[in-house]
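>>> Generate coordinates for the sequence data below:
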Amino acid sequence: MAVILGAKPPIPTAQFVIGESKTFTAPMTGTIKVIITGGGGQGAFLANKNATPNANAGSGTGGGAGGYSEKTFAVTAGETFTVTVGAGGSYLGSVNSLSSSSNGNNGGNSSFVTASAAVSVNMAANGGGAGQYGAATSSAITVAGGTGGTASGGDFNYTGGAGGSITRVANNANSAMTTGGGAVALYGTTYRGGNITLSTANASSYMIGSTGGAGVGGNGGDITFSGTSSNARFSGGGSASRSGSSGESGSGLNTSTSQGEVPGAPMTSSTISVIDAQGFAYGGTFAYNASPAISTSGYGGGGGGATGYNQSNSQYLYSYAGTAGGFGGGGGCTFVSGVDYLATGQVRAGPGGTGGGGSGAYSGPFHTMTSATNRSWAAAGDGLCIIMYI
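Numbers count the residues shown, from 1 in each chain. The predicted structure is shown next:
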């Protein structure tokens, strides 16, 4: 017979989930727990259109997750508070105007502040930082991921996870690389998107790389390129309980391969008494002359990284990385192609999870694909405000 030690958390008698800025009026007297998260940062964009893998260049990193603030206090019916919910970083222009590589966009700040109440509350959960674009260079370079948003004013204040970083040794300018976004630190520990390290000087081998986004319980998988063999590497997203792992195509770029799921925790849904993000994460994938595509991870899981090589120059492929579950980071996507797509499938990196997850970075053809109607520069997750009577 199992024995549960310690007191159970109080079950809320009412709960409000607020996804837009507004005034909150306490409907009854009691004690409330307020949780706010900032909007996630958007991953970078790399405009690469070349059928030769090592002619695709640059580093694009994932966005950082929003900050997390939590506070418990007493309220009286009728008291009011001003709620501001920060939007996830996104691009508001036309997708046809995305003709050059660029940093992502920062997430918006969230807050919960006394308007008319006996208690003084001034909570802030700041937005995650934008993923960064690094141009090709023969010098040693590290391109940092978007920074996690900070927080203040709560009983508990946690900084969001960063997007994955990309580190290259000198004389390693070629081959585009992208990383996944960071996750919201729901339980106080910060988890980042997967990092990429290119540790060997290499000007001629064909290399492709993308990492998964962070989950609320683990980093996106890290990948390392060492030696001079041509291959593709990718990684899965972190889940609610562990980090993602790396995978590779083996020698050469002519064999598709994928990973399985990254297990989460025993439960797959949230409970009302606590934010129980316990979902799995999808692994990464490499597609040769096929469409790399990854589904949405479970609640709290990061999106898997997607890589692909369109050597056949087919115009009927598409490419998208894994969408994060709630609060997780989206996966990065690197697709090598010298032609525009005509298919209507999605073309994007992985969006950040609702609640402030950072989105992944994207590299590949984009602005000239006017017939590909489902293109998007993946947005990060919007912030949230959750109010529980306990």
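
>>> what's the neighbour count on A135?
With neighbours defined by other C-beta atoms under 10 Å, the count for A135 comes to 12. From N, CA and C alone the C-beta is placed, and that goes for glycine too.

>>> oh sorry, the question was meant for A379
Counted with other C-beta under 10 Å, the neighbours of A379 add up to 26.

>>> Same check on the one 10 residues further on?
A count of neighbours around Y389, defined by other C-beta under 10 Å, yields 18.

>>> what pLDDT does it get?
Note for Y389: predicted pLDDT of 94.

>>> mind listing what G161 touches?
With contacts taken as C-beta atoms under 8 Å, 6 or more residues apart in numbering, G161 has the following neighbours: 64-65, 148, 182-185, 190-193, 214, 219, 329, 358.

>>> Parallel or antiparallel, which strands does the lowest-mean-pLDDT helix or strand in the chain pair with?
Lowest mean confidence among the helices and strands of the chain (mean pLDDT, DSSP states H and E): strand 257-258, at a mean of 84. Its sheet considered, strand 257-258 pairs with strand 285-288 (antiparallel) by DSSP bridges.

>>> leaving aside the residues next to it on the chain, what's closest to N157?
Nearest residue to N157, sequence neighbours excluded (C-beta to C-beta, 6 or more residues apart in numbering): A151, at 3.9 Å.

>>> just wondering, since we're on that neighbour, how far is it from S111?
10 Å (C-beta to C-beta, to the nearest Å).

>>> what's the answer for N48, then?
The span separating N48 from S111 equals 39 Å under the rule C-beta to C-beta.

>>> Contacts for the helix or strand where C385 lies next, please.
If you go by DSSP states H and E, C385 is part of strand 384-389. Residues lying outside strand 384-389 but in contact with it, judged by C-beta under 8 Å, 6+ apart, are 12-19, 24, 28, 30-37, 83, 85, 110, 112, 272-273, 275, 354-356.

>>> what's the closest non-adjacent residue to G356?
Nearest residue to G356 in three dimensions, chain neighbours excluded: G66, at 3.0 Å (C-beta to C-beta, 6+ apart).

>>> Let me see the contact set for the one you found.
With contact taken as C-beta under 8 Å, 6+ apart, G66 is in contact with 37-40, 86, 107, 110, 125-128, 148-149, 160, 184, 355-356, 381, 383.

>>> and those residues, which of them are in strands?
When the contacts of G66 are checked against strands (DSSP state E), the matches are T37, S110, A125.

>>> With neighbour count, distance to E70 and pLDDT as added columns, please give those residues in a markdown table.
Putting the ones in strands among the contacts of G66 into a markdown table (neighbours: other C-beta atoms under 10 Å; distance: C-beta to C-beta, whole Å; pLDDT from 0 to 100) gives the following:
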| residue | neighbour count | distance to E70 | pLDDT |
| --- | --- | --- | --- |
| T37 | 38 | 10 | 97 |
| S110 | 32 | 12 | 98 |
| A125 | 37 | 9 | 98 |
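
>>> right, and out of those, which lies closest to T285?
Distance to T285 across the ones in strands among the contacts of G66 (C-beta to C-beta) is lowest for T37, with 29.1 Å.

>>> I'd like to know how far the closest one sits from S111.
In this view, T37 and S111 are 11 Å apart by C-beta to C-beta.

>>> Looks like R375 contacts R348 (just checking).
Yes. With contacts counted by C-beta atoms under 8 Å, R375 reaches R348, the gap being 6.7 Å.

>>> Among these two, which residue is more densely surrounded?
For the pair R375 and R348, the greater number of neighbours falls to R348 (25 against 22), based on other C-beta under 10 Å.

>>> Contact partners for the more buried one?
For R348, the contacting residues are Y320, A321, C333, Y362, N374, R375, S376, W377, A378, taking C-beta under 8 Å, 6+ apart as the criterion.

>>> what's the answer for N219, then?
Going by C-beta under 8 Å, 6+ apart, N219 touches G161, Y191, R192, G193, G194, G238, S243, G244.

>>> rerun that using 7 Å as the cut-off
Applying C-beta atoms under 7 Å, 6 or more residues apart in numbering, one finds that N219 lies in contact with Y191, R192, G194, G238, S243.

>>> Pick out the residue closest to the middle of the chain.
Nearest to the mean C-alpha position of the chain, counting by C-alpha atoms, centre = their mean, stands G329 at 2.3 Å.

>>> Now the phi/psi pair for that one, please.
In terms of degrees, to the nearest 10, the main-chain angles of G329 are phi -100, psi 140.

>>> Report whether the expected contact of it with G302 is present.
Yes. With contact defined as C-beta atoms under 7 Å, G329 and G302 form a contacting pair (4.8 Å).

>>> Would you mind confirming that the residue nearest to N157 makes contact with E70?
No. Under the criterion of C-beta under 7 Å, A151 lies out of contact with E70, with a separation of 8.8 Å.

>>> confidence score at the nearest residue to L98 once chain neighbours are set aside?
Across the structure, with C-beta to C-beta, 6+ apart as the measure, the residue nearest L98 apart from its sequence neighbours is H367 (4.7 Å). Listed pLDDT for H367 reads 80.

>>> What separation do you get for H367 and S101?
Here the distance between H367 and S101 works out to 11 Å (C-beta to C-beta).
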